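# Pasting the sequence and the predicted model now:
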Amino acid sequence: MPETKSIFNTVAKRYDILNTIFSLGIDRLWRKRLVEELGNANLTLDIATGTAGVAIEALNKLNSQLVIGIDLSGEMLELAQKKLESLEANGKVILVQGAAENLPFKKNTFDAVTIAFGIRNTVDPVKSLREMNRVLRSGGKLGVLEFSVPQNKVFGPFYMSYLRSLLPFVGSIFGTRKEYEYLADSIPKFPQRESFIMLMKEASFGVEKAIELTFGTVIIYIGVKEN
Ligand SMILES: C[S@@+](CC[C@H](N)C(=O)[O-])C[C@H]1O[C@@H](n2cnc3c(N)ncnc32)[C@H](O)[C@@H]1O
């Protein structure tokens with residue numbers, strides 16, 4: 001398996017356009033819905049921020065004074081920085097290079113934490129969730145957006161073959177076949193629904209809800225730091 005950081009450094013330049021192609025543009029609506037589920041938050045942390053899609057939504061929708069976006073990949077962060085400058089949001093979203101498993105922030109700092117399409121790529125999801133819990137203030141909310149395999153007996157297998165053939169094929173047009181093969185394969189292997197909720201509980205989160213979107217191809221999990 002290629003190292004996560006090198007995968008995202010490789011796909012960075014085409015990341016936004018490929019997302020739009022694969023999801024037919026719906027990915028933006030998923031990110032919007034994620035932040036809408038969190039209510040207001042003065043200070044928000046977006047983990048695995050990538051090209052800052054969720055961080056920008058958080059700024060607009062959560063009335064956040066400040067959003068911090070953290071990511072392992074320097075190339076993704078460079079693109080995020082350019083996007084923020086073009087939107088004149090660079091003073092309100094601060095980008096930091098770092099890992100979800102070892103967040104460089106004090107405990108009880110953030111009102112909300114988000115992670116979209118990132119937890120699946122972390123080396124240690126439970127350690128990452130525990131870190132999210134540590135940096136959230138008591139009562140603060142966690143929003144996780146992640147791909148899943150639909151449970152419908154007809155659509156599920158169809159969707160899996162779409163993932164396993166179309167993603168690497170389109171990826172190959174952009175010279176990133178190997179990376180998109182890995183990303184497609186990693187979806188069914190990652191804990192979903194009840195199994196992921198168990199991981200959130202293991203990291204001391206109260207789980208408020210799990211919302212299935214677009215025929216169960218993605219799920220938003222909302223957790224709360226209870227103490
Ligand atoms: C599929 S992208 C998602 C980006 C963005 N959140 C979005 O909604 O488009 C996954 C991102 O997670 C980052 N990442 C992977 N493992 C990480 C880790 N352990 N800590 C922080 N970021 C990580 C990658 O560098 C990449 O930018």
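The structure has been received and is ready for your questions.
# The longest strand that the chain contains close to the ligand?
When the chain is parsed with DSSP state E, its longest strand is strand 136-147. No: judged by C-beta under 6 Å from any ligand atom, strand 136-147 makes no contact with the ligand; its nearest approach is 7.0 Å. (Each C-beta comes from the backbone N, C-alpha and C, glycine too.)
# Tell me which strands that strand pairs with, and in which orientation.
strand 110-116 (parallel), strand 218-225 (antiparallel) (DSSP bridges).
# immediately after it, which helix or strand?
helix 155-173 (DSSP states H and E).
# avg pLDDT for that next one?
For helix 155-173, mean pLDDT is 87.
# which other residues reach that helix?
11, 18, 21-22, 149-150, 177-181, 183-185, 187-188, 215-217 (C-beta atoms under 8 Å, 6 or more residues apart in numbering).
# Now do the longest strand of the chain: distance to the chain's middle.
Relative to its chain's centre, strand 136-147 lies at 11 Å (C-alpha atoms, centre = their mean, to the nearest Å).
# Equivalent analysis for stretch 212-225, please.
11 Å.
# Next: stretch 168-183.
20 Å.
# got the CA coordinates for that stretch in PDB?
What follows is stretch 168-183, C-alpha atoms only, in PDB (Å, rounded to 0.1, in the frame of the first residue of the first chain):
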ATOM      1  CA  PRO A 168      -9.000   3.700 -11.500                       C
ATOM      2  CA  PHE A 169      -9.900   4.100 -15.200                       C
ATOM      3  CA  VAL A 170     -10.600   7.900 -14.800                       C
ATOM      4  CA  GLY A 171      -7.600   8.100 -12.400                       C
ATOM      5  CA  SER A 172      -5.400   6.600 -15.200                       C
ATOM      6  CA  ILE A 173      -6.400   9.400 -17.600                       C
ATOM      7  CA  PHE A 174      -4.900  11.800 -15.100                       C
ATOM      8  CA  GLY A 175      -1.900   9.500 -14.400                       C
ATOM      9  CA  THR A 176      -3.100   8.500 -10.900                       C
ATOM     10  CA  ARG A 177      -4.500   5.000 -11.500                       C
ATOM     11  CA  LYS A 178      -2.600   3.300  -8.600                       C
ATOM     12  CA  GLU A 179      -3.800   5.900  -6.100                       C
ATOM     13  CA  TYR A 180      -7.400   5.700  -7.100                       C
ATOM     14  CA  GLU A 181      -7.300   1.900  -7.000                       C
ATOM     15  CA  TYR A 182      -6.100   2.100  -3.400                       C
ATOM     16  CA  LEU A 183      -8.800   4.700  -2.600                       C
END
